[in-house]
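1. Could you work out the structure for the sequence below:
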Amino acid sequence: MKVSKLAQNLIGSEIIKIGNQVNDLKAQGAEIANLTIGDLDSNIYPIPAQLKEEIQKAYQNNLTNYPPANGLLSLRKSVSKDLKTRWNLDYSAEEILVAGGSRPLIYATFKTIVDDGDKVVYPIPSWNNNHYAYLTNAEKIEVETSQSNNFLPTAEDLKPHLEGAVLLALCSPLNPTGTMFTKDQLSEICELVLEENKKRGENEKPLYLMYDQIYAMLTFGQEHFNPVSLFPELKKYTIFIDGTSKCFAATGVRVGWSFGPAAIIDKMKALLTHVGAWAPKPEQEAVATFLNETENVDTFVDNFKGKIAESLSVLHHGIQDMKSRGFAVESIQPMGALYLTIELDYLGKTKPDGSQIVNSSDLVFYLINEAGVALVPFSAFGNSGNMPWFRASAGGLSLNEIQKMLPRLENALSKLS
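-> Numbers count the residues shown, from 1 in each chain. You can find the predicted model right below:
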């Protein structure tokens, strides 16, 4: 059957492929510790009680028709107020766009800025930038990062690639690693963006910076930094991605927002009117009310991220204990988000059945079947399949489940020779 070239060459998500196998095995009764998906078990991590009540109230009040294309004014005002209170960022309601989670907003950012063949720069590993670059027919420049810098790009890494680029896509805390920019690291990158834009003529497209801070409130004892607070002159070049899905454990509520230069936000709004990617009106109304309750918001987030941090810490220390006993493993101290970065240096090893672990995907499926442990390889985030690093997401498991799966992981690795 003939389809478009775009559809014909579209690559499916490796994370979903792994998740499908996990779900099939669980349906057959297998016990699987699913560390793959950047989601949360809502029985372990329910959304804020007040937010749930406000959503139910909005449905009872029949707020079920179309919301405004750019989001309810009440929500955009609440977001504006929270940005000022929380990050000292000044954005009016007209500079804020609401959508059904962050994905449509990232897509709209790419489509608004990138023409066919335009250069887009992003680090790897990073979440989904390769797919958005494909969907916009961009010339993608993937900048490989290293463990020595917590898999975050440095100014030195990025500098050779920014000339002529129209979009630099960054995320902190980073999906998939849970690591964060320091003030100095981000400042040096910001200076590069400003320096590059000073070279551009009036009729040239600037270098825009898309800054995904969806995990900004989920940080563990470290300060989150953003480009515009560090360099106010970057405001005309920076498009932020943010929302409720991670900080409120509300991945299925689907309320995200973007903020940035009004001219860009207006074009993104126009694009999304044709996609119909609005957040549901009752959920918008509820988030608008809850976001105004700063003390309640902070109380919920502090409790929620405390539990996530504890789970990640137990996982991290479990890996470090295995390392101390001679296993070829490593992990990076979690700084934020839901993720632990784990190295399992077992590529090239032989399984008990005599077959070889050729690449990271082979190891993933071996661990699913042998240990009931499911991880995501960095190959799902743009890196080579020969790279033995993996993302472990703690949001879908209880602390007890994490503790129970560590011996199974150790046992399965010990069988490789």
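
2. for the stretch 301-417 of the chain, which spans come out with low pLDDT?
-> For the stretch 301-417 of the chain, applying pLDDT under 70 flags no range at all.

3. What segments of it are helices?
-> 360-371, 399-414 (DSSP state H, counting those that start in this stretch).

4. Can you name every helix or strand that the last one contacts?
-> Secondary-structure packing of helix 399-414 (3 or more CB pairs under 8 Å, 6 or more residues apart in numbering; DSSP states H and E): strand 33-34, helix 294-324, helix 360-371, strand 373-374. Yep, even glycine has a C-beta here, placed from its N, CA and C like the rest.

5. again, only using 6 Å
-> Applying 3 or more CB pairs under 6 Å, 6 or more residues apart in numbering; DSSP states H and E, we find helix 399-414 packed against helix 294-324, helix 360-371.

6. Please tabulate the ones you listed in a markdown table and include distance to residue 132 as additional columns.
-> Output for those, formatted as a markdown table (distance: least, CB to CB, whole Å):
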| stretch | distance to residue 132 |
| --- | --- |
| helix 294-324 | 27 |
| helix 360-371 | 22 |
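
7. Put together JSON lines for the helices of the stretch 301-417 of the chain, with mean neighbour count on each row.
-> Output for the helices of the stretch 301-417 of the chain, formatted as JSON lines (neighbours: other CB atoms under 10 Å):
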{"stretch": "helix 360-371", "mean neighbour count": "20"}
{"stretch": "helix 399-414", "mean neighbour count": "17"}
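
8. returning to that earlier point: tell me which of the helices and strands packed on helix 399-414 sits most buried.
-> A comparison of those by mean neighbour count, using mean count of other CB atoms under 10 Å, puts helix 360-371 on top with a mean of 20.

9. Including distance to residue 176, could the helices of the stretch 301-417 of the chain go into JSON lines?
-> Listed next are the helices of the stretch 301-417 of the chain as JSON lines, based on distance: least, CB to CB, whole Å:
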{"stretch": "helix 360-371", "distance to residue 176": "13"}
{"stretch": "helix 399-414", "distance to residue 176": "18"}
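
10. Can you check the pLDDT for the closest residue to residue 18 other than its chain neighbours?
-> Nearest residue to residue 18, sequence neighbours excluded (CB to CB, 6 or more residues apart in numbering): residue 36, at 5.3 Å. For residue 36, the model assigns a pLDDT of 91.

11. about what we covered before: among the helices and strands packed on helix 399-414, which is nearest residue 14?
-> Ranking the helices and strands packed on helix 399-414 by proximity to residue 14 (CB to CB) places helix 360-371 first, at 7.5 Å.

12. Residue 338 versus the residue nearest to residue 18, what's the distance?
-> Counting by CB to CB, to the nearest Å, the gap from residue 36 to residue 338 is 11 Å.

13. Also residue 149?
-> Here the criterion is CB to CB. By it, residue 149 lies 21 Å from residue 338.

14. Name the residue in those two with the higher neighbour count.
-> A direct count of neighbours by other CB atoms under 10 Å for residue 149 and residue 338 places residue 338 higher, at 29 against 15.

15. Chain neighbours aside, what residue packs nearest to the more buried one?
-> If you skip the residues right next to it in sequence, residue 338 has residue 395 as its closest partner in space, 4.5 Å away by CB to CB, 6+ apart.

16. So what's the residue count around that neighbour?
-> Residue 395: 24 neighbours (other CB under 10 Å).

17. roughly how far apart are it and residue 306?
-> Taking CB to CB as the measure, residue 395 falls 14 Å from residue 306.

18. Could I get the pLDDT score of the residue positioned nearest the centre of the chain?
-> When the chain is reduced to its mean C-alpha position, the closest residue under CA atoms, centre = their mean turns out to be residue 175, at 4.1 Å. Per-residue pLDDT puts residue 175 at 97.

19. Do you have the helices of the stretch 101-250 of the chain handy? List them.
-> Assigned helices in the stretch 101-250 of the chain, in chain order: 102-113, 129-135, 155-158, 183-198, 227-230 (criterion: DSSP H, counting those that start in this stretch).

20. got the ones you listed as JSON lines, with distance to residue 246, mean pLDDT and mean neighbour count columns?
-> Shown next, in JSON lines, are the helices of the stretch 101-250 of the chain (distance: least, CB to CB, whole Å; pLDDT from 0 to 100; neighbours: other CB atoms under 10 Å):
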{"stretch": "helix 102-113", "distance to residue 246": "9", "mean pLDDT": "98", "mean neighbour count": "23"}
{"stretch": "helix 129-135", "distance to residue 246": "18", "mean pLDDT": "96", "mean neighbour count": "20"}
{"stretch": "helix 155-158", "distance to residue 246": "25", "mean pLDDT": "98", "mean neighbour count": "17"}
{"stretch": "helix 183-198", "distance to residue 246": "20", "mean pLDDT": "98", "mean neighbour count": "17"}
{"stretch": "helix 227-230", "distance to residue 246": "20", "mean pLDDT": "98", "mean neighbour count": "20"}
